[in-house]
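Asks: Fold the following and give me the result.
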Amino acid sequence: MSGAYNDRKIDEFENILKRTARGLPLAMVHFCAVKINEKFQVIQARLFLEGGTPPETSFYESRTVVAGRFSLPETGLSPIDFIRSVHKGDFVTPKGTLAFAANNGGARPINIQPFHPAANQGRLAVLTISGATMGELCSRPLIDWELRGADEPYDSLDELLLQFRLGTPGQETAFDAVIQPVLEVDFACAINGEDAEIGVVTSAGTPHELVKLGYRVFNNKREITARGSFAGNALNWHEDVGLDRGRGHLNVAVGSIIQCFASFDGEALHHGYIVDPKHGQNDRRSTFEVSDPGLQVMTELLLRTSAKGGQSRDTEGAVAWLLWLLGFNPNWIGFLSKLQEAPDLIATTPRGDYVVVEVTMGMLKTENKLATLIGRAARVKETLTASGYGHIRVLPLIVTTLPRDQVVAEIEPAEKSGARVCTRETLVDAIERTVLLPDANRIFDEAYAEITAALAPKTE
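Replies: Below is the predicted model:
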């Protein structure tokens with residue numbers, strides 16, 4: 001990629017940062033590097049632009065590994081200058097400059113995700129600079145054993161990286177610059193009968209006059225009965241251990257749900273639903289939460305991207321749970337080993353339409369999943385037609401736990417084949433939707449309309 005292309009990407013990230021910079025006073029750098037030929041090479045690093053109380057500067061060293069966190073102002077560089085320096089291969093720290101190696105082609109490609117899927121209900125902007133292949137710089141088994149024998153031992157490189165907020169390493173070395181949301185909807189709020197408390201939570205010191213809290217009120221028939229917003233200065237603010245919480249009150253009908261939108265300086269950054277725990281709209285969710293409070297187990301199963309052996313079946317089961325919570329009637333056919341040639345799931349709507357489902361934690365074409373799904377859905381349709389039910393609609397649905405950006409090249413071909421694609425982002429939205437009155441017919445109609453549009457011939 002050309003230098004001009006990478007410069008534009010950095011400029012794009014700078015423009016995103018400018019829109020929320022007044023609410024992000026902290027710039028913290030976390031990194032891990034290994035010694036190669038007497039020089040330390042960074043293998044994983046992140047620059048967090050966020051609010052809150054700064055952690056203390058901290059460094060860890062073993063024989064060939066160094067890791068740490070420090071405040072960016074200690075280097076004298078601005079966030080954008082630091083990013084440009086890393087892109088040139090110079091990783092500046094208070095203790096000196098480390099190297100950030102290029103790939104085999106001598107490049108350090110830059111990618112930006114303005115809406116990173118890890119944020120779920122918020123906006124998380126991430127700039128990533130990729131470097132050398134990890135295996136070219138270090139031997140993971142050697143590092144793991146070195147760390148186990150250190151004065152301050154770690155079981156593995158993975159544990160050390162997690163300790164310094166660096167996540168799990170990929171195939172390539174990487175530097176991420178992360179713009180955290182300035183504020184969020186305050187889920188500590190709730191509705192109590194006709195009295196609804198809604199709010200935002202942000203770091204202490206955030207300018208309240210730049211905050212806005214928007215809302216939509218749904219009654220128990222899914223009708224919107226009110227919409228509006230509170231200016232930041234109209235909220236009641238109080239401090240809470242390094243946080244500022246702003247609250248507002250609304251009068252609503254019993255059984256209502258409120259969707260809230262938290263904005264800063266004109267930018268919507270987070271959204272979510274505030275509910276009445278005593279008057280939930282979705283009776284299926286209420287009963288399911290007796291066994292899985294907060295849908296924590298289901299959410300973990302739906303959003304994981306890897307599993308060993310038969311554990312991948314658990315994700316199929318979680319998809320069946322989610323479909324049921326949304327108002328479908330799912331049949332987990334693939335649960336039995338003797339029916340492995342059957343679809344993973346078949347679900348019906350209250351109106352009688354069918355959804356044929358395949359679930360994967362990888363790419364859509366892995367193990368011929370997509371082609372298999374299309375064939376199985378066609379056989380279901382043929383069987384219904386032969387039985388006198390040709391009017392019933394059948395929708396092929398392939399579910400992957402991967403984020404959209406990792407399968408984007410496969411989505412259009414899948415839709416051209418007549419299959420609806422559900423990615424990690426779709427799953428997150430669907431989980432959130434379970435607080436509302438179940439309406440599987442509407443969800444099916446929306447998905448079927450999208451596929452019909454994708455199959456329609458393009459006109460000039």
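Asks: which stretches of this structure have low pLDDT?
Replies: 1-2, 307-311, 337-340, 457-460 (pLDDT under 70).
Asks: for it, what spans make up the helices?
Replies: Per DSSP state H, the chain carries helices over the ranges 3-20, 79-88, 134-137, 140-148, 157-163, 283-288, 296-303, 312-325, 369-386, 404-416, 424-433, 440-455.
Asks: could I get those helices as a markdown table with distance to L127 and mean neighbour count?
Replies: The way it works is simple: take the backbone N, C-alpha and C, and place the C-beta from them, glycine included. Below are these laid out as a markdown table (distance: least, CB to CB, whole Å; neighbours: other CB atoms under 10 Å):
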| stretch | distance to L127 | mean neighbour count |
| --- | --- | --- |
| helix 3-20 | 4 | 15 |
| helix 79-88 | 7 | 18 |
| helix 134-137 | 20 | 15 |
| helix 140-148 | 26 | 15 |
| helix 157-163 | 19 | 18 |
| helix 283-288 | 37 | 14 |
| helix 296-303 | 23 | 17 |
| helix 312-325 | 30 | 21 |
| helix 369-386 | 32 | 17 |
| helix 404-416 | 14 | 15 |
| helix 424-433 | 19 | 18 |
| helix 440-455 | 31 | 15 |
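Asks: Out of the ones you listed, the one nearest N120 is which?
Replies: Evaluated with CB to CB, these place helix 424-433 nearest to N120, the distance being 4.9 Å.
Asks: so what secondary structure elements neighbour the closest one?
Replies: helix 296-303, helix 312-325 (3 or more CB pairs under 8 Å, 6 or more residues apart in numbering; DSSP states H and E).
Asks: if we go to 7 Å?
Replies: Applying 3 or more CB pairs under 7 Å, 6 or more residues apart in numbering; DSSP states H and E, we find helix 424-433 packed against helix 296-303.
Asks: Which strands and helices lie in contact with the helix it packs on?
Replies: helix 312-325, helix 424-433.
Asks: Quick one: work out the angle between it and helix 312-325.
Replies: Calculated by axes from the mean of the first three to the mean of the last three CA atoms, to 10 degrees, helix 296-303 forms an angle of 110 degrees with helix 312-325.
Asks: what angle separates helix 296-303 from helix 424-433?
Replies: Counting by the same axes, to 10 degrees, helix 296-303 lies at 160 degrees to helix 424-433.
Asks: returning to what we had before: want to try JSON lines for the helices and strands packed on helix 296-303, with distance to M361 as columns?
Replies: As requested, the helices and strands packed on helix 296-303 are arranged in JSON lines below (distance: least, CB to CB, whole Å):
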{"stretch": "helix 312-325", "distance to M361": "6"}
{"stretch": "helix 424-433", "distance to M361": "10"}
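Asks: Tell me which of those approaches G388 most closely.
Replies: Using CB to CB, the helices and strands packed on helix 296-303 put helix 312-325 closest to G388, at 26.1 Å.
Asks: got the domain boundaries for this structure?
Replies: 3-179, 183-280, 284-455 (automatic domain parsing).
Asks: Now do the end-to-end distance for the second one.
Replies: It refers to domain 183-280. End-to-end distance for domain 183-280: 26 Å, by CA to CA, to the nearest Å.
Asks: again, but for stretch 242-256
Replies: 32 Å.
Asks: Who are the contact partners of I274?
Replies: Applying CB atoms under 7 Å, 6 or more residues apart in numbering to I274 gives the contacts C189, A190, I191, A196, I198, I258, C260.
Asks: right, and out of the residues you listed, which lies closest to L24?
Replies: C260 (21.2 Å).
Asks: Quick check: buried residues in stretch 63-83?
Replies: Using 16 or more other CB atoms under 10 Å as the test for burial, stretch 63-83 gives V65, V66, A67, G68, R69, F70, L72, T75, L77, P79, F82, I83.
Asks: ok, and the closest non-adjacent residue to the second one?
Replies: Of all residues not flanking V66 in the chain, A33 sits nearest, at 5.2 Å (CB to CB, 6 or more residues apart in numbering).
Asks: quick one: that neighbour and T97 touch, right?
Replies: No. At 11.0 Å, A33 does not count as touching T97 under the criterion of CB atoms under 7 Å.
Asks: Which one's more surrounded, those two?
Replies: Taking other CB atoms under 10 Å, A33 and T97 do not tie; A33 has more neighbours (25 against 13).
Asks: got a list of what the more buried one touches?
Replies: F40, Q41, V42, I43, V66, L98.
Asks: same thing with I392?
Replies: I392 neighbours (CB under 7 Å, 6+ apart): G352, D353, Y354, L384.
Asks: can we see that at 6 Å?
Replies: Neighbour list for I392: G352, L384 [criterion: CB atoms under 6 Å, 6 or more residues apart in numbering].
Asks: roughly how far apart are it and W332?
Replies: From I392 across to W332, the span is 21 Å (CB to CB, to the nearest Å).
Asks: now swap in G214 and tell me
Replies: The spacing between G214 and W332, counted by CB to CB, is 39 Å.
Asks: Who has more neighbours out of these two?
Replies: Between G214 and W332, W332 has the larger neighbour count (other CB under 10 Å), namely 20 against 16.
Asks: I figured that one hits W321, correct?
Replies: No. In this structure, W332 is not within contact of W321 by CB atoms under 6 Å, at 9.5 Å.
Asks: State the distance from I411 to H271.
Replies: In terms of CB to CB, I411 sits 24 Å off from H271.
Asks: about what we covered before: which of the buried residues of stretch 63-83 fall within strands?
Replies: V65, V66, A67, G68, R69, F70 (DSSP state E).
Asks: closest to N441 among these?
Replies: The nearest one, if we look at those relative to N441 and count by CB to CB, is R69, at 50.8 Å.
Asks: and the closest residue to Y448 other than its chain neighbours, how many neighbours?
Replies: Counting by CB to CB, 6+ apart, Y448 lies nearest to L395, which is 5.5 Å off, once chain neighbours are set aside. Close neighbours of L395, defined as other CB under 10 Å, add up to 20.
Asks: Can you name the residues bridging to L395?
Replies: When assigned by DSSP bridges, L395 has beta-bridge partners V355.
Asks: I'd guessed it sits against V355; true?
Replies: Yes. Counting by CB under 6 Å, V355 is a contact partner of L395 at 5.0 Å.
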